[in-house]
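1. coords below, sequence missing:
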């Protein structure tokens with residue numbers, strides 16, 4: 001086993017957070033080594049946003065943090081250091097222009113994650129960041145409560161600071177194994193319960209299998225459990241052979257998977273009629289006396305879903321509204337207002353884009369992202385207990401946290417007035 005020269009910083013992981021932290025520290029004059037266990041850099045980053053790489057979004061920082069839920073305000077110092085304006089400027093400086101075609105989601109103008117990965121790799125090469133792939137870290141080395149180095153499968157490295165940017169458990173085919181959790185838990189750090197998130201869901205009801213191919217815009221989903229009734233989300237919904245998917249499901253799965261572990265199944269109520277209530281739906285169905293009930297329902301919903309819901313209510317689609325029995329009409333109106341579905345499972349971390357849970361934020365200083373337990377140990381990106389919805393949230397957090405962690409405790413220079421707690 002050979003000993004390597006001492007580094008000011010070693011970064012473990014070559015995702016968005018890891019590469020940003022390495023670039024930041026090197027720009028500040030630090031000697032940096034980045035280690036990646038896979039043969040290539042940025043494997044998960046390459047798959048982000050279906051390969052289009054939704055970098056961030058244009059929401060004000062307060063709204064951005066609010067969408068992360070219970071832990072959102074933890075990221076305030078990181079966003080003050082690098083918000084979406086700063087991130088776009090950073091990429092502009094290294095040769096990548098970005099834009100927001102819909103006014104909200106920001107992409108590189110190439111709409112290719114390869115553009116982002118190549119730019120980050122080129123900047124690290126320009127700065128002289130040492131990068132070694134196919135290096136799996138086995139152990140962190142301490143002197144008392146201070147980081148002094150790491151041990152890989154074949155080499156010992158020494159360092160003054162260490163950044164853990166190993167990501168979560170989502171997409172194990174792209175290298176996600178949760179190794180960062182294991183490394184830091186051995187040092188006494190608490191790992192909160194880990195759940196797969198941002199993924200399709202499996203439902204008990206299978207009638208939706210006949211409705212594939214139709215997208216329901218602006219569907220609202222809420223959880224029909226007493227202690228979770230306030231949880232809801234709105235967005236595009238798609239039925240699958242086994243259940244449901246689409247942006248609204250990907251976002252809402254963050255709330256669902258912990259409840260599934262607790263209850264085994266979770267009842268949902270879905271409004272697919274753009275927020276119409278029972279009275280509005282009744283008025284709509286009655287509006288044209290000569291029209292069949294199917295014609296009236298299909299003016300609200302795609303044909304396949306209209307057929308399915310009428311069938312669930314045992315309604316003869318050819319009849320007009322006033323020819324249908326009162327209890328059947330009431331059942332149809334109720335199911336059009338809030339369609340019940342029962343979530344019974346998911347495909348686990350193999351289909352999860354992100355991980356809910358991680359290293360406890362209570363043990364991390366939000367102003368520096370340094371461990372409160374181990375001096376010289378920093379965290380950034382998905383490895384900590386912080387996750388957001390679809391739409392550039394998680395990548396912005398990865399870049400912002402990598403930028404802040406890369407300062408190694410030094411205060412970043414701000415280009416704007418920071419938010420206050």
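-> That came in fine, so what should we check first? Just so it is clear, the model here is predicted, and its values are computed rather than measured.
2. Going by C-alpha atoms from here, please, whenever you check contacts or count neighbours.
-> Will do.
3. could you pull out the helices for the stretch 101-250 of the chain?
-> Per DSSP state H, counting those that start in this stretch, the stretch 101-250 of the chain has helices spanning 113-127, 179-185, 247-263. These are given in chain order.
4. Highest mean neighbour count out of the ones you listed?
-> Most buried of the helices of the stretch 101-250 of the chain, by mean neighbour count (mean count of other C-alpha atoms under 10 Å): helix 247-263, with a mean of 20.
5. Need the contact partners of that one.
-> Under the criterion C-alpha atoms under 8 Å, 6 or more residues apart in numbering, residues 195-201, 219-221, 231-237, 265-266, 343-345, 356, 389-390 lie in contact with helix 247-263.
6. Could you do stretch 136-153 as well?
-> Defining contact as C-alpha under 8 Å, 6+ apart, one finds that stretch 136-153 is touched by 12, 35-37, 135, 156-162, 183, 373-377.
7. let's go with 10 Å and repeat that
-> By C-alpha atoms under 10 Å, 6 or more residues apart in numbering, the residues outside stretch 136-153 that reach it are 1, 6-7, 9-10, 12-13, 35-38, 134-135, 154-162, 179-180, 182-184, 186-187, 373-377.
8. Outline the domain layout of this protein.
-> Structural domains assigned to the chain are 2-195+357-405, 201-346, following automatic domain parsing.
9. Make JSON lines from the ones you listed and add distance to residue 413 to it.
-> JSON lines is the format used below for the domains of the chain (distance: least, C-alpha to C-alpha, whole Å):
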{"stretch": "domain 2-195+357-405", "distance to residue 413": "7"}
{"stretch": "domain 201-346", "distance to residue 413": "33"}
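10. Mean pLDDT added to the ones you listed, as JSON lines?
-> Shown next, in JSON lines, are those (pLDDT from 0 to 100):
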{"stretch": "domain 2-195+357-405", "mean pLDDT": "94"}
{"stretch": "domain 201-346", "mean pLDDT": "94"}
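11. most tightly surrounded among these?
-> domain 2-195+357-405 (a mean of 20).
12. Across the sheet, point out what pairs with residue 378.
-> Residue 378 has the following beta-bridge partners by DSSP bridges: residue 163, residue 370.
13. these two touch, right, it and residue 372?
-> Yes - judged on C-alpha atoms under 10 Å, residue 378 makes contact with residue 372 at a distance of 9.4 Å.
14. Return the residues in contact with residue 115.
-> If a contact means C-alpha under 10 Å, 6+ apart, then residue 115 has 46, 52-53, 95-97, 108-109 as its contacts.
15. joint contacts of residue 378 and residue 372?
-> Between them, residue 378 and residue 372 share the contacting residues 364-365, judged by C-alpha under 10 Å, 6+ apart.
16. How about the closest residue to residue 229 other than its chain neighbours: which residues does it bridge to?
-> Spatial nearest neighbour of residue 229, excluding adjacent residues (C-alpha to C-alpha, 6 or more residues apart in numbering): residue 223 at 5.5 Å. Here residue 223 shows beta-bridge partners residue 268, assigned using DSSP bridges.
17. which stretch among the helices of the stretch 101-250 of the chain comes nearest residue 65?
-> Proximity to residue 65, assessed across the helices of the stretch 101-250 of the chain by C-alpha to C-alpha, is greatest for helix 247-263 (15.1 Å).
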